[in-house]
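*Asks:* Give the three-dimensional model of this entry:
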Amino acid sequence: MCDKKDAEGAFNLLKIDCLGLTQLSVFEDCLELAGKKYDYLLKIPMDDEEAFKVLNEGRWAGVFQFNGIALQSITKQFKVDSFNDIVCVTALARPGPLASGGRMNGLSVAMVLALSPTHTPSSSPT
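*Replies:* Here you go, the predicted structure:
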C-alpha cells in the first residue's frame, strides 16, 4: 500500500478524489426508501436554512465529508449561511490549507475570501 505522495513520486501516478461508491450507494438507498428518482436531488434548494442550521449546530452524522474531524473543526469556527460557505469550509479542510500552518480562528468565510482579492472572480458564487 502507498499513499498519495508515494504514488505520485515513485509510480508517476495522479491521485484523483472521486465521490466514493459507498456514498453513491447511500444516496441510491435513500432515494429508493423515499420513493424518489435521481432528478429529485436536482430540485433540492441550495439556500435551505434548515440545512445550514444542521451544520451550524454540529449535527454532522451521515453528512458526506462532514464526518471528518478537520471539517467539523473548521465548521465550528464559521457560521454557514450559504452554499458558498459550505464550499469555502470544505476547501479549507483540504490537506494543503491545513498543512499551511495558517491560523483561521475567528475568521469569517467572507474574510477568507477578502484576503485574496485576486481570486474574487474565481471564488464568487456561480
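*Asks:* Check which element follows the longest helix along the chain along the chain.
*Replies:* Longest helix in the chain, counting residues (DSSP state H): helix 21-34. Using DSSP states H and E, the helix or strand that directly follows helix 21-34 along the chain is helix 39-42.
*Asks:* could you point out which element follows that next one?
*Replies:* For helix 39-42, the following helix or strand on the C-terminal side (DSSP H and E) is helix 49-56.
*Asks:* For that next one, list every residue counted as buried.
*Replies:* Of all the residues in helix 49-56, those buried under the rule 16 or more other Cβ atoms under 10 Å are 51-52, 54-55. Glycine gets a C-beta too; all of them are placed from N, C-alpha and C.
*Asks:* can you redo those residues as JSON lines with distance to Pro95?
*Replies:* As requested, the buried residues of helix 49-56 are arranged in JSON lines below (distance: Cβ to Cβ, whole Å):
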{"residue": "Ala51", "distance to Pro95": "26"}
{"residue": "Phe52", "distance to Pro95": "26"}
{"residue": "Val54", "distance to Pro95": "26"}
{"residue": "Leu55", "distance to Pro95": "21"}
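*Asks:* Which of those residues sits closest to Pro97?
*Replies:* For these, the residue nearest Pro97 by Cβ to Cβ is Leu55; the value is 18.6 Å.
*Asks:* Settle this for me: the closest one is touching Phe78, isn't it.
*Replies:* No - using Cβ atoms under 8 Å, Leu55 and Phe78 do not qualify as a contacting pair, with a distance of 9.5 Å.
*Asks:* what's the span of stretch 76-88 from first residue to last?
*Replies:* One end of stretch 76-88 to the other measures 13 Å (Cα to Cα, to the nearest Å).
*Asks:* average model confidence for that stretch?
*Replies:* Over the span of stretch 76-88, the pLDDT mean works out to 85.
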